[in-house]
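> Here's my sequence, what's the structure:
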Amino acid sequence: MPEGKLQRDGESVTLRYERTAVASVAATWSALVEPSILKEWLAEAEIDPRVGGAVHLVWPGRGEMRGTVQAIDAPSVIEYTWDESDGSSLVRFEVAASGDAASSLRLIHSGTSLEGAPGFGAGWQSHLEALDVVLAGGESTTEQRNERYEELHPGYLEAVAQLEESLA
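Residues are numbered from 1 along each chain as shown. As a prediction, the model looks like this:
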């Protein structure tokens, strides 16, 4: 079942995720900007966490993404472009305190194409689920994330199709 909320903005789609992590703001922030932790839940990463800094994510054998940091306010906001050969979109993470030893995490991925939205939706949900595991002290493997992506993808295809129908 898709966890992400999808909204159509003209010819593009915005995906939104809101989660509570059983981890401090500092630990959640580190998971978003430190390559050694990003590798555990998202991708192999190079990131220069300053405005104008480069972002490079690599999924060995599956692809890569390059981007540029657009905004940063540690430890609460990082926003970067998601640049691929077929277009550019914008990823924004927002972190805030949420009770004792917990943090809220919001992910907003805007400007995705209708065709790309199901893949981004399934990808972000599978990776955010992996982030929960990592922040709780567990391990997440590439194989587990890929398997979860495949389980989630049909639901996001259906959600995007319903979004298109509702606006037709």
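> Could you identify the longest helix within the chain?
Using DSSP state H to define each element, the chain has its longest helix at helix 142-166.
> and that one, what other elements does it pack with?
Helices and strands touching helix 142-166, as assessed by 3 or more C-beta pairs under 8 Å, 6 or more residues apart in numbering; DSSP states H and E, comprise strand 5-9, helix 117-135. C-beta: built from backbone N, CA, C; applies to glycine.
> run the last query once more with 10 Å
On a contact count with 3 or more C-beta pairs under 10 Å, 6 or more residues apart in numbering; DSSP states H and E, helix 142-166 meets strand 5-9, strand 12-21, strand 54-59, helix 117-135.
> Could you list the paired strands of the shortest one along with their orientation?
As defined by DSSP bridges, the strand partners of strand 5-9 come to strand 12-21 (antiparallel).
> List the buried residues of whichever helix or strand comes after the strand it pairs with.
Per DSSP states H and E, the first helix or strand lying C-terminal to strand 12-21 is helix 25-33. Neighbour counts over helix 25-33 (16 or more other C-beta atoms under 10 Å) mark Val25, Ala27, Thr28, Trp29, Ser30, Ala31, Leu32, Val33 as buried.
> my guess is the third one contacts Leu131, does it?
Yes: using C-beta atoms under 10 Å, Thr28 makes contact with Leu131 at a distance of 8.3 Å.
> overlap in contacts of those two?
Arg19, Ala21, Ile37, Leu105 (C-beta atoms under 10 Å, 6 or more residues apart in numbering).
> Looking at those, which gets the smallest pLDDT?
Lowest pLDDT of the shared contacts of Thr28 and Leu131: Ala21, 91.
> Run a quick neighbour tally on that one.
For Ala21, the neighbour count with other C-beta atoms under 10 Å is 22.
> My guess is it contacts Ala27. True?
Yes: in this structure Ala21 lies within contact range of Ala27 using C-beta under 10 Å: 7.9 Å.
> Please tabulate the helices and strands packed on helix 142-166 in TSV, including the columns distance to Glu150.
TSV is the format used below for the helices and strands packed on helix 142-166 (distance: least, C-beta to C-beta, whole Å):
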stretch	distance to Glu150
strand 5-9	19
strand 12-21	18
strand 54-59	14
helix 117-135	8
